[in-house]
Structure formats: structure tokens, C-alpha cells
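Asker: Below is the structure, and that's it, no one-letter string:
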């Protein structure tokens, strides 16, 4: 019997050497998957906190160019992380959809 599996590599919320993406193969229930889930949760929470801070900063007419530049740099970092989380989760949703359409 040939068993066909539809398993995609999970894009992890961190990078390797030289900024290269890291991937994980597995069923999503292992230790590394749980660590990745926790890190994604922290990243999303920090992004929400950062948005609140930036909203306050933008409403402050006395904010300096340096403060705004710093905020934009942190927003860029955060957006990169949130984008990685979205790509990773989107890929896993696509695999789950294929599995639902073609049960083994």
C-alpha cells in the first residue's frame, strides 16, 4: 500500500544564518512546533503593543524626528515578523484544506 501524505514544511518564526528561512517538517505537535507557536504568539502581541505606542506617538505633536524614525524601524521589524507568521499560517491552512479534500 502506498501512503500519500500532504505535509508542507512549516516556516518558523525565526531565521537561520544570514537571515535564511528555517522550516520544520512534522505533524505540528512536537516540541519545536510548540516553541514556534509560543514565539508567534509573543510576536503578534508585541506588534499589537507597538501599534498602540505608535498611535500615541503620532498624536504627540512634540515627537522628534528621531523618535519617529525609531518607531518606523520597530514597525518595519514587527511587520516582517507578522508577515512571516501570516505566510506560515496560510501555508498550513492550505495543507489542511488539501487534507480535508483528499482524506487518506
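Answerer: Done, it's in. Values in this document were obtained by computation on a predicted structure and should not be read as measured data.

Asker: pretty sure residue 82 contacts residue 47?
Answerer: Yes - in this structure, residue 82 is within contact of residue 47 by CB atoms under 8 Å, at 5.1 Å. (Glycine included, C-beta is placed from N, CA and C.)

Asker: Next, residue 56: secondary structure please.
Answerer: Following DSSP: H, G, I helix; E, B strand; the rest coil, the label given to residue 56 is helix.

Asker: any chance you could map the helices in this protein?
Answerer: Secondary structure of the chain by DSSP state H: the helices cover 31-59, 65-101.

Asker: buried stuff in stretch 45-55?
Answerer: Neighbour counts over stretch 45-55 (16 or more other CB atoms under 10 Å) mark 47, 50, 54 as buried.

Asker: Relative to residue 65, how far out is the nearest residue to the second one once chain neighbours are set aside?
Answerer: Leaving aside its sequence neighbours, residue 50 sits nearest to residue 78 (CB to CB, 6 or more residues apart in numbering; 5.2 Å). Applying CB to CB, to the nearest Å, the value for residue 78 to residue 65 is 20 Å.

Asker: which one of these two has more residues nearby?
Answerer: The neighbour comparison of residue 78 against residue 65 (other CB atoms under 10 Å) goes to residue 78, with 19 against 7.
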